[in-house]
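Student: With the sequence up front, the predicted model follows.
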Amino acid sequence: MKIIQVITLSEPIGGAQMVLFNNTEAMVKNGHEVHVIVGQKGTLTKRLEELSVKVTCIPNLKREISPKNDFACYKDMRNLFKSENPDIVISHSSKAGILCRLACHNTGTPNIFTVHGWSFTPGVKGVKRYFYLAIEKIMGKFSDHLITVSKFDYTLGSKHNIVPESRMSVIYNGSPDFLKSEEKSRHEKPLTLLMTARFSYQKDHLTLFKALQQLKEAPIHVDLVGNGDLFEEFVSRAKEMGIDHMITFHGESNDIPSFLNKSDIFVLTSRFEGLPLSICEAMSVGIPIVASDVGGVNEMVKDGYNGFLIPKEDPIYLTKKLKAIIEDDELRKSMGENSRNTYLETFSTQQMASSTEEFITQILQKKTAN
């Protein structure tokens, strides 16, 4: 098959970028021709080029709304789809998804939009949520098919009648296996807590910081990996809250596996999510997960089995559950084993890629039959 994948940003690397990369790598190994379109060169394009994947940069593909740039980008995509004549186009991220679906509709190219968490999901601020809902209702008319990365998002899309359920499929995100047996044995003190997330309103590092204020005497150290608009603000907040001695701010990193293999507990305090790839990655190395019960997180984390689910913005409950895992070696060990098993059963790259390929095949077979 000839497949085009489209995404707006090449960096910073987030869940959508890694899902695209992991799927592309698997598709290439399976003998498919994959062409990736992005708005700018960066970390993602470098990694794709190492796979010898064709990459096209469309400079007018930007996150910011600009009628001039957006129309120019639409025309570039339309012309490219006409000349390339792919079997199918898969888009990721809001802007790429909108322009790509419009261009595919114009050229008669089969398309899939991958929903990495709806932009109108509960937790998105005020008027924005209703604006994005209106946009997606319109774009549903130009969408052949949707992949939602969680049952939560499938249900939300169905509830708002974005497209008929017959044109949607749930395909869980998948991560490569990052487990390295040669790393430090778990349960050595101090324990390492890890959160890999950009510093933004969505990720809500403040809830974690408030919990850490109550855990100053605990034998832990916290690694925070990620950048973002609020990075410097939280470096300052850590000092103001008297917890800076507990935290190392690492900034952006291209070596997440090393951090995961040196960690004992993974934390994610988001206000809203789709299906966080970061949790897939953490489960692959067999550590407990403590995460906000938002979006599709409860499809990954079973409370009391492979971690704990936390009400969002609840530092008191977060403190209680972190303390339980920190103080109980056997609980931490069993939850870690359950995380590993959950990953192997449901959240590997192979499972994601094979499900995606099967969905594409079904779409093209139906098209041929019609």
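Tutor: On my side now, so go ahead. Numbers count the residues shown, from 1 in each chain.

Student: what ranges do the strands span in the stretch 1-150 of the chain?
Tutor: For the stretch 1-150 of the chain, applying DSSP state E, counting those that start in this stretch gives strands covering 2-6, 33-38, 54-57, 88-92, 111-115, 145-148.

Student: which residues touch the third one?
Tutor: The contact list for strand 54-57, computed with CB atoms under 8 Å, 6 or more residues apart in numbering, reads Val34, His35, Val36, Ile37, Val38, Gly39, Gln40, Lys41, Thr45, Leu48, Glu49, Leu80. C-betas here are computed from N, CA, C, even on glycine.

Student: Quick one: those as JSON lines, columns for neighbour count, pLDDT and distance to Lys321 too.
Tutor: As requested, these are exported to JSON lines (neighbours: other CB atoms under 10 Å; pLDDT from 0 to 100; distance: CB to CB, whole Å):
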{"residue": "Val34", "neighbour count": "24", "pLDDT": "95", "distance to Lys321": "41"}
{"residue": "His35", "neighbour count": "19", "pLDDT": "96", "distance to Lys321": "45"}
{"residue": "Val36", "neighbour count": "24", "pLDDT": "97", "distance to Lys321": "40"}
{"residue": "Ile37", "neighbour count": "25", "pLDDT": "96", "distance to Lys321": "42"}
{"residue": "Val38", "neighbour count": "25", "pLDDT": "96", "distance to Lys321": "39"}
{"residue": "Gly39", "neighbour count": "22", "pLDDT": "94", "distance to Lys321": "40"}
{"residue": "Gln40", "neighbour count": "15", "pLDDT": "91", "distance to Lys321": "40"}
{"residue": "Lys41", "neighbour count": "14", "pLDDT": "92", "distance to Lys321": "42"}
{"residue": "Thr45", "neighbour count": "18", "pLDDT": "94", "distance to Lys321": "40"}
{"residue": "Leu48", "neighbour count": "24", "pLDDT": "95", "distance to Lys321": "39"}
{"residue": "Glu49", "neighbour count": "13", "pLDDT": "93", "distance to Lys321": "43"}
{"residue": "Leu80", "neighbour count": "19", "pLDDT": "96", "distance to Lys321": "49"}
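
Student: Going by distance to Lys128, which of these wins?
Tutor: Within those, the smallest distance to Lys128 is 21.4 Å, found for Gly39 (CB to CB).

Student: How about that closest one, nearest residue that isn't a chain neighbour?
Tutor: Among residues not flanking Gly39 along the chain, Leu61 sits closest, at 3.5 Å (CB to CB, 6 or more residues apart in numbering).

Student: go on, Tyr132?
Tutor: Per CB to CB, 6+ apart, closest to Tyr132 is Ser119, 3.8 Å.

Student: List the contacts of that neighbour.
Tutor: The contact partners of Ser119, by CB under 8 Å, 6+ apart, come to Ser94, Lys128, Arg129, Tyr132, Ile135, Glu136.
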